[in-house]
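Engineer: Provide a 3D model corresponding to the input given below.
(one chain, ligands or ions: 1)
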Amino acid sequence: MKTLIKNAIVMLPDSTSRLSVLIEGTKIVDIDPAAQIAADNIVDAEGLHLLPGVIDDQVHFRDPGLTHKEDIYTASRACAKGGVTTFLEMPNTNPNTITQEALESKLELAAGKSLVNYGFYIGATPDNTNVLKQAHRTPGIKIFIGSSTGNLLVDEQEALERIFAESTLPVCAHCEDETTVRANTERFAGTTDITDHSRIRDHEAAIIATRRAIDLAKRHQHRFHVLHVSTGAETPLLADHDNLITAEVCPHHLFFNVDDYARLGSFVQMNPSIKNKEDNVQLWQALLDGLIQVVATDHAPHTLEEKRQPYPKSPSGLPAVENSLALMLNQVHQGRCTIEQVVQWMCDAPARVWDIVDKGRIAVGYDADLVLVDLDKTAVVRNEEQETKSKWSPWHGESLTGWPVRTWVMGHEVFRDGAFDESRRGSEANYDHARGGYWATR
Ligand code: DOR
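Structural biologist: Numbering: from 1, shown residues only. Presented below is the predicted three-dimensional model:
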């Protein structure tokens, strides 16, 4: 089966050109083929941009165990709609993904449910280093250096040293200092004021933990990725590490700050907390400067009922996979960055950070994970139109310009103008050691 996507403005690794892309099976087999090339399926993409599919390297899909909030099927529909063709999911499910068996069973679950490519991190505990040392079919190890949703936590120095010294998989971490957060929680004991969330999970908590983790990574020369950087003050810590250390920022830390609690309350409650307007500015600058390489969502759905509980009963986290690309394309529309930068941050960089071969770029031989976007399309985010099972978005009511309109996963069109093709749902997990890749394919 051959598909020819004609006349798109194609985001190639080093250039942007109006040309055609030929897909055969699961692969991109030709770029700018001869005009008369035969194909079973011709897509006229005049006026649209063709991007590599987005790789979201931090999501929480709640499956297994918390599927009243989300499951891999509903979340993968949200991904397909949002132009996300690969997700890497976090271990704080129930049970936690802290054994190879739990990881295998998640892969199996996703094989039956997901419309898009997937990978699952293995979670660190104070005493599962032996598991981490032998873990496979996973992009890497996730450490909660500070606790968040769920009970995963490793904050004793000895345990952290052991993980960094003895494991070989890349490590990523949630960096908020547990001691600081606990002390602040005591200070604000009894509060019901949502704005205290950013005083409890304050700047210091983030800075201390990020500094601590970077120190571990440097001393042990261990590949390390800082998840969801939330303060401007962390960004200088990310400089000059020769690719040993990489970092990620989320749309909510770029676009929300403490002033938004008044309007959105617990809908913008997450960990790390949102910070100040200056942090928005500094994080954006760090992204432009290359100190932060990746934009990902930390998609963390909770039901509206759960979120509407009074603080601090309200849980932390917000859904975002179906809007992240549009949020960033809207920045292109506003002239704050280029579409090339968005592709770099959301497609190419996560593939390099997690060593995902044949993904993240439009090139011959690469997987046909593709998204067509309409940079002129304006639409309002609406709770009732969200695919996430949680059925809400903190961006509800916001008008964004620049939207994904069609999505291909491994050569198969899974989303087109609001409709899904689920005929290839259910896929086989795939870990290709020879290529050094680890994702699962459809
Ligand atoms: O706000 C958050 N929610 N931050 C996290 O790190 C975890 C997430 C969740 O799983 O709910």
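Engineer: stretch 106-120 and the ligand, are they touching?
Structural biologist: No: using C-beta under 6 Å from any ligand atom as the criterion, no contacts between stretch 106-120 and the ligand are found, and the smallest distance is 14.0 Å. Yep, even glycine has a C-beta here, placed from its N, CA and C like the rest.
Engineer: Cys372 - that's part of a strand, no?
Structural biologist: Just so we're on the same page, residue 372 is Leu rather than Cys. Yes: under DSSP: H, G, I helix; E, B strand; the rest coil, Leu372 sits within a strand.
Engineer: hey, what's it bridged with?
Structural biologist: Leu372 has the following beta-bridge partners by DSSP bridges: Leu50, Arg406.
Engineer: same question, Leu19
Structural biologist: In this structure, Leu19 bridges to Ala8 when assessed by DSSP bridges.
Engineer: that one against Asp32, yeah?
Structural biologist: Yes: the pair Leu19 and Asp32 qualifies as a contact (C-beta atoms under 8 Å) at a distance of 4.2 Å.
Engineer: the two: who's more crowded?
Structural biologist: Neighbours were tallied for Leu19 and for Asp32 using other C-beta atoms under 10 Å; the higher tally belongs to Leu19 (17 against 14).
Engineer: in the strand or helix carrying Gln341, what counts as buried?
Structural biologist: Using DSSP states H and E, Gln341 maps to helix 339-343. Applying a neighbour-count criterion of 16 or more other C-beta atoms under 10 Å, one finds 339-343 buried in helix 339-343.
Engineer: name the helix or strand for the residue most central in space within the chain, please.
Structural biologist: Relative to the mean C-alpha position of the chain, the nearest C-alpha, by C-alpha atoms, centre = their mean, is the one of Asp56, at 2.8 Å. When elements are defined using DSSP H and E, Asp56 is found to belong to strand 54-59.
Engineer: got a list of what Ile31 touches?
Structural biologist: Ile31 makes contacts with 10, 12, 19-22, 362-364, as judged by C-beta atoms under 8 Å, 6 or more residues apart in numbering.
Engineer: need the contact partners of stretch 216-229.
Structural biologist: Residues outside stretch 216-229 that contact it (C-beta under 8 Å, 6+ apart) are 57-58, 140, 160-161, 164-165, 167, 170-175, 206, 210, 213-214, 234-235, 238, 241, 244-250, 253, 272, 283, 286, 292, 294, 296, 298, 353-354.
Engineer: check these one by one and keep those near the ligand.
Structural biologist: Contacts with the ligand are made by 174, 298 out of those, judged by C-beta under 6 Å from any ligand atom.
Engineer: okay, and which of the contacts of stretch 216-229 map to strands?
Structural biologist: Of those, the ones assigned to strands by DSSP state E are 57-58, 171-174, 245-249, 294.
Engineer: thinking again about what came up before, now, which of the buried residues of helix 339-343 sits nearest the ligand?
Structural biologist: Distances from those to the ligand were compared by C-beta to the nearest ligand atom; the smallest belongs to Val342, at 23.5 Å.
Engineer: what's the pLDDT at that closest one?
Structural biologist: Predicted confidence (pLDDT) for Val342: 99.
Engineer: one more: Asp432?
Structural biologist: The confidence metric pLDDT takes the value 42 at Asp432.
Engineer: name the nearest residue to whichever residue of the stretch 301-442 of the chain sits closest to the ligand, sequence neighbours excluded.
Structural biologist: For the stretch 301-442 of the chain, the nearest residue to the ligand under the criterion C-beta to the nearest ligand atom is Gly317, separated by 3.0 Å. Ranked by C-beta to C-beta, 6 or more residues apart in numbering and with sequence neighbours excluded, the top spatial neighbour of Gly317 is Ala300, at 2.7 Å.
Engineer: can you check Ile122 too?
Structural biologist: Excluding the flanking residues, the one nearest Ile122 by C-beta to C-beta, 6+ apart is Ala135, at 4.5 Å.
Engineer: and that neighbour, how far is that from Leu254?
Structural biologist: In this structure, Ala135 and Leu254 are separated by 32 Å, where distance is defined by C-beta to C-beta, to the nearest Å.
Engineer: ok so, going back, residues contacting the residue nearest to the centre of the chain?
Structural biologist: Shown here is Asp56, whose contacts under the criterion C-beta under 8 Å, 6+ apart are 79, 84, 86-88, 296-297, 299, 321, 324, 346, 350.
Engineer: what pairs with it across the strands?
Structural biologist: Judged by DSSP bridges, the bridge partners of Asp56 are Phe87.
Engineer: would you confirm that Glu387 contacts Thr74?
Structural biologist: Yes: between Glu387 and Thr74 a contact is recorded at 6.4 Å, counting by C-beta under 8 Å.
Engineer: touching the ligand at all, the helix or strand harbouring Asn184?
Structural biologist: Per DSSP H and E, Asn184 falls inside helix 178-187. No: if you take C-beta under 6 Å from any ligand atom as the test, helix 178-187 misses the ligand, and the best it gets is 12.2 Å.
Engineer: could you list the buried residues of that helix?
Structural biologist: The neighbour-count check on helix 178-187 (16+ other C-beta under 10 Å) flags 178, 180-181, 184 as buried.
Engineer: any weak-confidence spans in the stretch 151-300 of the chain?
Structural biologist: The model of the stretch 151-300 of the chain has no residue with pLDDT under 70.
Engineer: how about the residues of it by the ligand?
Structural biologist: Contact residues, the stretch 151-300 of the chain versus the ligand (C-beta under 6 Å from any ligand atom): 174, 270-271, 298, 300.
Engineer: do that again at 8 Å, thanks
Structural biologist: Within the stretch 151-300 of the chain, the positions adjacent to the ligand are 174, 227-228, 269-272, 298, 300 by C-beta under 8 Å from any ligand atom.
Engineer: which two of the residues you listed have the greatest separation?
Structural biologist: Leu227 and Gln269 (17.5 Å; C-beta to C-beta).
Engineer: returning to what we had before: closest to Ala110 among the buried residues of helix 178-187?
Structural biologist: Taking the buried residues of helix 178-187 together and measuring to Ala110 by C-beta to C-beta, the closest member is Glu178, at 30.7 Å.
Engineer: distance of the closest one relative to the ligand?
Structural biologist: With the distance defined as C-beta to the nearest ligand atom, to the nearest Å, Glu178 ends up 13 Å from the ligand.
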